[in-house]
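Asker: Here is my input; please provide its structure:
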Amino acid sequence: MKASPLNKNSLAAACRELAADPCLRIVHKTYGVPPLWDREPGFATLLQIILEQQVSLASAKACFDKLLACVGNVTPRAVLALSDSELRTVGFSRQKTAYARHLSEAILEESIDLDRLHLLSDSEVKSELIKLKGIGEWTSDIYLLMALLRPDVMPKGDIALHSAWHRLSGERRPSSDEFLAIAERWKPYRSVAARLLWHFYLSEKRKPG
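Answerer: Sure, this is the predicted structure:
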């Protein structure tokens, strides 16, 4: 059964439940409820998440913003209308240029329909997205968590989450699979636990010194 999407009220309520966990309680008590960090579902958001793979959010946003300034509206047709050199000029790597073109073509050829993903279960959404070149578990997890606002997704391989857990728990930094095993304790609100850990990570980074 597909759970209802998160909203600000359900996010706050789930944070209170997760505060039973000593580490997450520290985050909730110190920094409060995290942002919802919701994104508009669709092509532009999925493309931006692809740009965020293995780079900082700031550099991915700079690249996406340059693309937006170049085309006015980020659509599959607009991306395909740009040459490889034009995409490189706004910051796309050779690999991400290929991913962007494949995603754009898949949507125009109707081999995937992003508008109907909200009707599917989490596993069905992941299965559809992972068929696309350049989209793996992390990218599909982030789309589920932020665009579709699913409540029980823990992104696999997110270094910031591993780092936050390491600092809060005092345990050694986990591998991707180890962290997914740790996250089992936060069901059915693993997406909320992820937001709390990101909230901690980003809040700590902003501290002077």
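Asker: use CA for all of it now, contacts and neighbours both
Answerer: Fine.
Asker: Give me the distance between A81 and L87.
Answerer: Per CA to CA, to the nearest Å, A81 is found 10 Å from L87.
Asker: Out of these two, name the residue with the larger neighbour count.
Answerer: L87 (21 against 12; other CA atoms under 10 Å).
Asker: which SSE is the more buried one in?
Answerer: helix 84-90 (DSSP states H and E).
Asker: Please apply the same query to L11.
Answerer: Going by DSSP H and E, L11 is in helix 8-18.
Asker: Report all helices and strands that the next helix or strand after that helix contacts.
Answerer: Note on helix 8-18: by DSSP H and E, the next helix or strand toward the C-terminus is helix 22-31. Counting contacts by 3 or more CA pairs under 8 Å, 6 or more residues apart in numbering; DSSP states H and E, helix 22-31 packs against helix 8-18, helix 190-205.
Asker: Tell me how the chain divides into domains.
Answerer: As assigned by automatic domain parsing, the chain contains the domains 8-37+153-205, 43-147.
Asker: With mean pLDDT as added columns, please give those in a markdown table.
Answerer: Shown next, in a markdown table, are the domains of the chain (pLDDT from 0 to 100):
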| stretch | mean pLDDT |
| --- | --- |
| domain 8-37+153-205 | 97 |
| domain 43-147 | 97 |
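Asker: How about the residue positioned nearest the centre of the chain: what's its closest non-neighbour residue?
Answerer: In the chain, the centroid-proximal residue (CA atoms, centre = their mean) is I142; its distance is 2.4 Å. Spatial nearest neighbour of I142, excluding adjacent residues (CA to CA, 6 or more residues apart in numbering): P155 at 6.2 Å.
Asker: do the same with V27
Answerer: Closest residue in space to V27, ignoring its immediate chain neighbours: F200 at 5.9 Å, by CA to CA, 6+ apart.
Asker: Ok, S163 next?
Answerer: Closest to S163 by CA to CA, 6+ apart is R173, at 6.5 Å.
Asker: Next: S203.
Answerer: S203 sits nearest to Y31 (CA to CA, 6+ apart), 7.6 Å away.
Asker: Burial check on that neighbour, number of neighbours?
Answerer: Neighbour count for Y31, taken as other CA under 10 Å: 14.
Asker: Could you number the chain from 367 rather than 1 from now on?
Answerer: Noted, 367 is the first residue going forward, which turns the last one into Y397.
Asker: ok, and for the helix holding L377, which residues are buried?
Answerer: Judged by neighbour count (16 or more other CA atoms under 10 Å), helix 374-384 contains these buried residues: 377-378, 380-382, 384.
Asker: Stretch 533-545 too?
Answerer: 534, 539-540, 542, 545.
Asker: what does that stretch contact?
Answerer: 389, 522-524, 528-529, 531-532 (CA atoms under 8 Å, 6 or more residues apart in numbering).
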